[in-house]
Every structure is written in C-alpha cells, then in structure tokens.
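let's see this in three dimensions:
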Amino acid sequence: MRRAASILALLAALLLAVPMTALAQGTSDATLPDLEDEVMCPICGTALSLAESPQAERQREFIRGLIAEGLTKDEIKDELVAEYGSEVLAVPETSGFDLAAWVVPGLAVIVAAGALVVGLRRWRRSGADGGGAGANEAPAAGGTDPADEERLAADLGRYDL
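Okay, here's the model as predicted:
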C-alpha cells in the first residue's frame, strides 16, 4: 500500500514537471528595457535606451517582435548582430581582440595600485631617514645650517622689510 502511494506521488510529480519545463522553454527571459541597455543604435552610436532616432524605433520594434516569438536574450542579441553587425552590442565580446576591452582597464588598475604601494613605501622610508639627501649631515648647534642662515640674511637684505 505504501509502495503504491509513493509510485503515485512520483507519477504525479512527473506529470506536473513536464508541463512546467515545456512552459519554461516557451517563455523568454528577455525584456525590452533589459536589452535596451546592452544594445546600441547603429545610427546614433548611443545606447538604445537613450537613442530617439527613427532607426532606434525600428530596432525596438524588431526586438519586440523577437521577444514575442519567445527568443531568449542571447538569441535576440545573436539576431541583432546578424541584422546590424557586431557594433550593435554595447558590451564587447569576451574573446578575441574585444577581450582587450576587459583586460586592459583591469591591468591598468593593478599597475597603478602597485606603483602607489611602491611610492608610498619609498616615501615612508625617506621620511624615516630624516628627509633624504643630506640626512647624514648634522645641523649646526642653533638648529640650522650656517650657509642657510647666510642665504636667508642676503635674501632679506634685498628687500626693505
């Protein structure tokens, strides 16, 4: 009796799962506002969400038609590339030469951070040494170098203060 109930429960679960998967395959995860941020107007060269040209409206209608057909977001992008060329995508590909658009900024940030760390270490080290060049020379008893005092007196003498 228990075994029959478990088999019936399994069959009911299978029967419910089949229509759900068929239903999920028939629906598209794409929406026009979601795609407008990732697609460019080929005429304006701006994101489709910002473009207001007649071509942008035709492109929106084309996307709406593809959404109505039940295409997924990636399938719609593939159709747009086939129709308008790869320049229609606002986000570059992650392969080939377009990979540089992702890698170069990341490398620039890493190099800048490394240069900053090296610069800070050198700056802190020079501050601990007493100011870099001339740090080994002892100042005069008055706390200043006599040559500096003479230069200061000569400079002040040039002005009527």
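
select the helix or strand of this protein having the lowest average pLDDT value.
helix 2-26 (a mean of 54; mean pLDDT, DSSP states H and E).

ok, then the element right after the lengthiest helix in the chain?
Assignment by DSSP state H gives helix 100-129 as the longest helix of the chain. Using DSSP states H and E, the helix or strand that follows helix 100-129 in sequence is helix 146-157.

can you list the buried residues in the longest helix of the chain?
Judged by neighbour count (16 or more other Cβ atoms under 10 Å), helix 100-129 contains no buried residues. To be clear about C-beta, it is placed using only N, CA and C from the backbone, and glycine gets the same treatment.

next one: that helix to chain centre, how far?
Centre-to-centre, helix 100-129 and its host chain are 20 Å apart (Cα atoms, centre = their mean, to the nearest Å).

show me what that helix packs onto, helices and strands only.
The helices and strands touching helix 100-129, judged by 3 or more Cβ pairs under 8 Å, 6 or more residues apart in numbering; DSSP states H and E, number zero.

now it: mean pLDDT?
The average pLDDT within helix 100-129 is 87.

same question for stretch 84-92.
Stretch 84-92 comes out at a mean pLDDT of 80.

could I get it in PDB with only the CA atoms?
Output in PDB follows, covering the C-alpha atoms of stretch 84-92 (Å, rounded to 0.1, in the frame of the first residue of the first chain):
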ATOM      1  CA  TYR A  84      23.100  45.100 -37.800                       C
ATOM      2  CA  GLY A  85      26.600  43.800 -37.200                       C
ATOM      3  CA  SER A  86      28.700  43.300 -34.000                       C
ATOM      4  CA  GLU A  87      28.800  47.100 -33.400                       C
ATOM      5  CA  VAL A  88      25.200  46.800 -32.200                       C
ATOM      6  CA  LEU A  89      26.300  45.300 -28.900                       C
ATOM      7  CA  ALA A  90      27.100  47.800 -26.200                       C
ATOM      8  CA  VAL A  91      29.200  45.300 -24.200                       C
ATOM      9  CA  PRO A  92      32.200  43.900 -26.100                       C
END
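
run through who's touching it.
The contact list for stretch 84-92 (Cβ atoms under 8 Å, 6 or more residues apart in numbering) reads 37-40, 42, 47, 59, 77, 80-81, 93, 98-99, 101-102.

who wins on neighbours among these?
Val39 (26 neighbours; other Cβ atoms under 10 Å).

ok now do that one, which residues does it touch?
Residues 47-48, 59, 63, 77, 80, 88-90 are the ones in contact with Val39 under the rule Cβ under 8 Å, 6+ apart.
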